[in-house]
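In: Need the 3D shape of this:
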Amino acid sequence: MGFPPAAGYSLSEIQRSVAAATDSTLRTPTHGQTSNMVRTSQMQSGNHYQLTRRRILATGAGMAVGGSLSADETSRDPDAGALGIFQRLGVHPVINATGNVTVLGGSVMPPEVTAAWVEASRHFVNMIDLQQRVSERIASLVGVEAALVTTGAAGAMLLGTAAAITLPDPASLIRRLPDTSGMRNEVILQKSHHSGYDNQLTAVGTTLIDVETVQDIDRVAGPRTALMFFMNISDGDGRIPRAEWVAAARRHGIPTLLDASADIPPVTRLSEYNQMGFDLVAVSGGKAIRGPNDVGLLLGRKDLIDVARRNASPFAPTIGRMMKVSREDLVAMLAAVERFVQLDHAAEWREMERRIGVIEEKLSPIPAVQCERIVPPISNHQPHLIIDWQESAIALSPAEVTAQLAAGDPPILLGRVSHTGSRGILIAVHTLQPDEEHVVAERLHGIFRTVHS
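Out: Got it, this is the predicted structure:
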């Protein structure tokens, strides 16, 4: 699929890296502790446990980022009932310095989002009406023609593809999927834009057609072509940029679908890609927007969105009947979007920079350690911290530091997002809970100081 061998990372490896930080037995709290945290199983220092967006794209585990950082919204009460539930199950919280990763639960929903979820849980409602009203409100809030709440960005991809295939005659074609014989059932994409999410395109009965140049598009586009798909984070990896992709699609009269799952913030991107000319855009709702982890948005052309809705639950028989979005998720997603578009994003940015400063300051006395602030250009577009060191002075590899952090109590899990290089380790601060930046700083200082001394 175009990924270099070094970037290969199987789903089983991702699961093991997380399991290593959560597989433990309960232990008696020490003085001052009100919750049982994890005692991790042994981790081999030779293994690399970092999760990367590129690697997770290759396996479908769903890397992403985002979230509000204000302390009053993200404070965790160690005596809260939810933590008690985790304890009773033998599952323990971790410090998430990876970002809004699906495998770690996505995001922590703010109070107004959880309140909306709980309120919706108390009443019955006509689900078709509710989906319609919520979608209309979200479309108005973000400035697009139409919207649909889906089961994650992956669900948005599947329903968007189904809509493109069945648009010519929804009444007769929807019930036939995934049997697409005699239909337009080819999806064009760049060879470098394959990912672990290809199944969302092919599950409805399509065939993927690879291209590398605009001339390739002109050669393969035809009456069998239903859709042209673009993986946003791979924009720089292929030879056809977004604008040329859209122009070619328009020239051939083919709908376009863009996967921008983890590419919010900035908030303007919720409408930017539709304004650029993409007919459909898939966005995660459980990452930066901080809705439930299992929701997403399909944004774009009203005719396509309407057919996508008819391909989904509660309609039947449909390819998306199993992709049920509950009333709780619908209302919570709306609350999350309402909150997100009104956030002071400049203040959010300053808080992320402050958290990075705490870690930098703690490590500054160690001369062999260097810190660099970076902002990935597309996905996870928020401040991150790269920490690198002279291995001649600190005899630890990035994999070993990552493993030591994950093996601590509480575990600190790291990841790697696209376009951040491979130097050292990467710290995402936007998913840290209040004061956890100090825990991360202390733990890193202890690891580096011990070895450096």
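In: those strands in this structure, which residues are they?
Out: 51-52, 95-97, 146-150, 186-190, 207-211, 225-231, 256-259, 280-284, 296-300, 369-374, 384-389, 412-416, 425-428 (DSSP state E).
In: export those strands to CSV and tack on distance to Asp306 and mean pLDDT?
Out: In short, each C-beta sits where N, CA and C put it, glycine included. What follows is these, written out as CSV (distance: least, CB to CB, whole Å; pLDDT from 0 to 100):
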stretch, distance to Asp306, mean pLDDT
strand 51-52, 37, 44
strand 95-97, 37, 96
strand 146-150, 7, 98
strand 186-190, 20, 98
strand 207-211, 25, 98
strand 225-231, 16, 98
strand 256-259, 16, 98
strand 280-284, 12, 98
strand 296-300, 11, 98
strand 369-374, 41, 96
strand 384-389, 39, 97
strand 412-416, 37, 93
strand 425-428, 37, 97
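In: Same list, those strands, but as TSV with mean neighbour count and distance to Arg133 please.
Out: Output for the strands of the chain, formatted as TSV (neighbours: other CB atoms under 10 Å; distance: least, CB to CB, whole Å):
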stretch	mean neighbour count	distance to Arg133
strand 51-52	24	37
strand 95-97	25	34
strand 146-150	27	11
strand 186-190	23	31
strand 207-211	17	36
strand 225-231	26	28
strand 256-259	28	25
strand 280-284	30	20
strand 296-300	30	15
strand 369-374	16	41
strand 384-389	21	38
strand 412-416	27	37
strand 425-428	25	35
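In: Would you convert those into a markdown table that also reports distance to Leu104?
Out: Conversion of the strands of the chain to a markdown table gives the following (distance: least, CB to CB, whole Å):
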| stretch | distance to Leu104 |
| --- | --- |
| strand 51-52 | 9 |
| strand 95-97 | 5 |
| strand 146-150 | 21 |
| strand 186-190 | 29 |
| strand 207-211 | 30 |
| strand 225-231 | 22 |
| strand 256-259 | 21 |
| strand 280-284 | 14 |
| strand 296-300 | 17 |
| strand 369-374 | 21 |
| strand 384-389 | 16 |
| strand 412-416 | 7 |
| strand 425-428 | 11 |
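In: The ones you listed: which one's closest to Ile240?
Out: Among the strands of the chain, the nearest to Ile240 by CB to CB is strand 186-190 (6.0 Å).
In: Tell me how far that closest one lies from the chain's centre.
Out: Centroid separation for strand 186-190 versus its chain: 23 Å, with CA atoms, centre = their mean, to the nearest Å.
In: which other helices and strands contact it?
Out: Strand 186-190 sits against helix 198-202, strand 207-211, helix 214-220, strand 225-231, with contacts defined as 3 or more CB pairs under 8 Å, 6 or more residues apart in numbering; DSSP states H and E.
In: Just put these in JSON lines and tack on distance to Pro265.
Out: Output for the helices and strands packed on strand 186-190, formatted as JSON lines (distance: least, CB to CB, whole Å):
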{"stretch": "helix 198-202", "distance to Pro265": "24"}
{"stretch": "strand 207-211", "distance to Pro265": "30"}
{"stretch": "helix 214-220", "distance to Pro265": "31"}
{"stretch": "strand 225-231", "distance to Pro265": "19"}
